[in-house]
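# okay, predicted coordinates and the sequence, questions at the end:
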Amino acid sequence: MRTTSHFGLAAVLAAALGLAACGRTGGEVAEAQGPAAPAICLERAAVPTRDAPTAGMVWVSGGAYVMGAAPQRPEEGPPRTVRVDGFWIAAAEVTNAEFERFVEATGYVTLAERPLDPAAYLGLPPEALVPASLVFVPPKAGEPARGPSDWWRVVPGADWRHPGGPGSSIAGRERQPVVHIAFDDALAYARWLGHDLPTEAEWEYAARGGLEGAKFVWGDQTGFEGGKPRANTWQGAFPVADTGADGYPARPAPVGCYPPNGYGLYDMAGNVWEWTKDWFRPGLGDTAGDNPAGPPRIAAYDPADPSAPKHVVKGGSFLCSEDFCWRYRPAARTAGPADGGASHVGFRTVFRGPGPEAG
């Protein structure tokens with residue numbers, strides 16, 4: 001099913017328990033109200049096109065760095081010294097408006113908008129084969145919050161145009177990152193631009209922003225800086241109550257609402273998870289040397305859900321909290337299935353053309 005080990009194990013359970021047809025799935029999930037959002041968000045002057053592939057992108061000079069960390073979680077280490085060549089990377093996550101231009105130009109249909117192939121999903125009842133995706137639904141007071149199946153729902157009709165389900169839309173959310181994007185969807189968009197998805201090594205190098213060994217993309221300090229949020233994450237007791245002290249309680253923020261890292265890249269921590277090209281295995285044992293690209297597909301393995309190979313996703317999301325996920329650190333990583341997306345999964349692209357000095 002369209003699942004992941006970290007944010008999609010719930011979908012496996014939900015489908016098995018028949019939750020795809022029950023629960024709060026009839027419309028958009030109500031958004032919590034909280035403090036005012038940050039007053040200044042990024043106004044993108046340019047976005048990449050096929051004729052201008054580096055517009056809105058940042059050149060990251062190549063170099064060596066220590067990838068990973070002494071693991072906070074077992075899949076994050078041990079650290080490895082790697083080297084990457086220079087590359088262009090989008091300054092911000094792909095937005096709804098940008099993805100809409102791609103769909104209008106190509107007629108592309110995302111995986112969440114397609115029914116499941118019954119031959120590939122033996123044993124699922126017909127009602128579970130309809131187009132659907134995962135939506136975060138915070139438990140109400142008194143409801144159980146024992147594990148992911150208690151706060152994720154498989155919602156028929158949820159997709160990038162309808163991020164909360166059939167009753168929702170992206171009207172007024174054009175500058176939010178596009179979500180409910182599967183790996184194949186992200187790769188199709190990237191190739192339409194002549195771009196690619198970053199390798200895990202490229203993504204982490206860019207996310208660190210030149211801060212070698214720092215715990216976060218902004219340094220080693222936790223919390224806010226001068227009372228101002230550094231990223232869109234979860235504040236409070238997950239999954240019950242997000243205080244919204246960062247301005248966006250339990251939902252994505254428009255891209256670029258928080259300070260960029262040292263390379264001028266926005267939202268490399270929090271907001272939405274981002275796809276990389278690498279296949280997932282726990283730990284970095286297969287990662288070393290120049291321009292590593294992770295293990296081969298045949299070696300991909302997620303012990304939490306070994307049913308299918310998965311890709312590495314990075315950066316954490318608006319659902320990551322210090323007491324539950326804490327994966328908005330550059331070394332953090334988790335597994336995402338090639339055929340799945342969710343309401344907190346997006347992406348950004350890279351371009352491996354010549355650097356600015358060549359122009």
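Received the coordinates, thanks. Numbers count the residues shown, from 1 in each chain.

# partner strands of the longest strand seen in the chain, with direction?
As far as residue count goes, and with DSSP state E defining each element, the longest strand of the chain is strand 273-279. Using DSSP bridges, the strands paired with strand 273-279 in its sheet are strand 310-314 (antiparallel), strand 345-346 (parallel).

# would A64 count as being in a strand?
Yes - the assignment for A64, made by DSSP: H, G, I helix; E, B strand; the rest coil, places it in a strand.

# that one bridge partners, please.
Beta-bridge partners for A64, by DSSP bridges, are R83.

# re the thing from before, give me the buried positions along the longest strand of the chain.
Residues of strand 273-279 classed as buried by neighbour count (16 or more other C-beta atoms under 10 Å): W273, E274, W275, T276, K277, D278, W279. For glycine as for every other residue, the C-beta is placed from the backbone atoms N, C-alpha and C.

# next one: stretch 234-252
Along stretch 234-252, these residues count as buried under the neighbour rule (16+ other C-beta under 10 Å): 234-236, 238-239, 241-242, 244-252.

# I'd like the next helix or strand past the helix-or-strand element of the chain with minimal mean pLDDT.
Ranked by mean pLDDT, DSSP states H and E, the weakest helix or strand in the chain is helix 9-17, scoring a mean of 36. Toward the C-terminal end, the helix or strand that comes next after helix 9-17 (DSSP states H and E) is strand 57-60.

# for the stretch 151-300 of the chain, just list every one of the strands.
For the stretch 151-300 of the chain, applying DSSP state E, counting those that start in this stretch gives strands covering 152-156, 273-279, 289-290.

# what's the shortest one packed up against?
When contacts are defined as 3 or more C-beta pairs under 8 Å, 6 or more residues apart in numbering; DSSP states H and E, strand 289-290 packs onto strand 80-84.

# please save the CA atoms from stretch 316-325 in PDB.
As requested, C-alpha coordinates have been extracted for stretch 316-325 and formatted as PDB (Å, rounded to 0.1, in the frame of the first residue of the first chain):
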ATOM      1  CA  GLY A 316      11.600  16.000   9.100                       C
ATOM      2  CA  SER A 317       8.300  17.900   8.900                       C
ATOM      3  CA  PHE A 318       5.900  20.100  10.800                       C
ATOM      4  CA  LEU A 319       5.000  16.900  12.800                       C
ATOM      5  CA  CYS A 320       8.500  16.400  14.200                       C
ATOM      6  CA  SER A 321       8.700  17.100  17.900                       C
ATOM      7  CA  GLU A 322      11.600  16.900  20.400                       C
ATOM      8  CA  ASP A 323       9.600  14.300  22.400                       C
ATOM      9  CA  PHE A 324       8.600  12.000  19.500                       C
ATOM     10  CA  CYS A 325      10.400  12.300  16.100                       C
END
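
# I'd like the average pLDDT over it.
Taken as a whole, stretch 316-325 has a mean pLDDT of 90.

# the closest residue to A253 other than its chain neighbours pairs with what?
When the adjacent residues along the chain are set aside, A253 lies closest to N232, with 4.4 Å between them (C-beta to C-beta, 6 or more residues apart in numbering). Per DSSP bridges, the residues bridged to N232 are G270.

# distance of N232 relative to G256?
Using C-beta to C-beta, to the nearest Å, one gets 11 Å for the distance from N232 to G256.

# more neighbours: which of the two?
Between N232 and G256, N232 has the larger neighbour count (other C-beta atoms under 10 Å), namely 30 against 22.

# related to what we said a few turns ago, the residue nearest to A253 against D267, yeah?
Yes - taking C-beta atoms under 8 Å as the definition, N232 is a contact partner of D267 at 7.2 Å.

# touching both of these two, which residues are there?
Between them, N232 and D267 share these contacting residues under C-beta atoms under 8 Å, 6 or more residues apart in numbering: A253, Y258.

# how close does A338 sit to W275?
The span separating A338 from W275 equals 10 Å under the rule C-beta to C-beta.

# likewise V217?
Using C-beta to C-beta, V217 is found at 18 Å from W275.

# same check, this time on V94
10 Å.

# shared neighbours of the two, anything?
Shared contacts of V94 and W275 (C-beta under 8 Å, 6+ apart): A186, F347.

# how about the closest residue to A45 other than its chain neighbours, what does it touch?
In space, A45 comes closest to G56 once its chain neighbours are excluded; the distance is 7.5 Å by C-beta to C-beta, 6+ apart. Residues in contact with G56 (C-beta under 8 Å, 6+ apart) are R44, A45, A46, V47, P48, A90, A91, A92.

# tally of neighbours for the third one?
The local packing of A46 (other C-beta under 10 Å) involves 11 other residues.

# measure it to F87 for me?
18 Å.

# R191 too?
Distance check for R191 against F87: by C-beta to C-beta, it reads 16 Å.

# higher neighbour count, those two?
Set R191 next to F87 and count neighbours by other C-beta under 10 Å: F87 wins out with 23 against 12.

# show me what that one is bridged to.
V60.

# how long is stretch 134-145 end to end?
The first and last residues of stretch 134-145 sit 17 Å apart, counting by C-alpha to C-alpha, to the nearest Å.

# in that stretch, which residues are buried?
Of the residues in stretch 134-145, those buried under the neighbour-count criterion (16+ other C-beta under 10 Å) are L134, V135, F136, V137, P138.

# brilliant, that's me finished.
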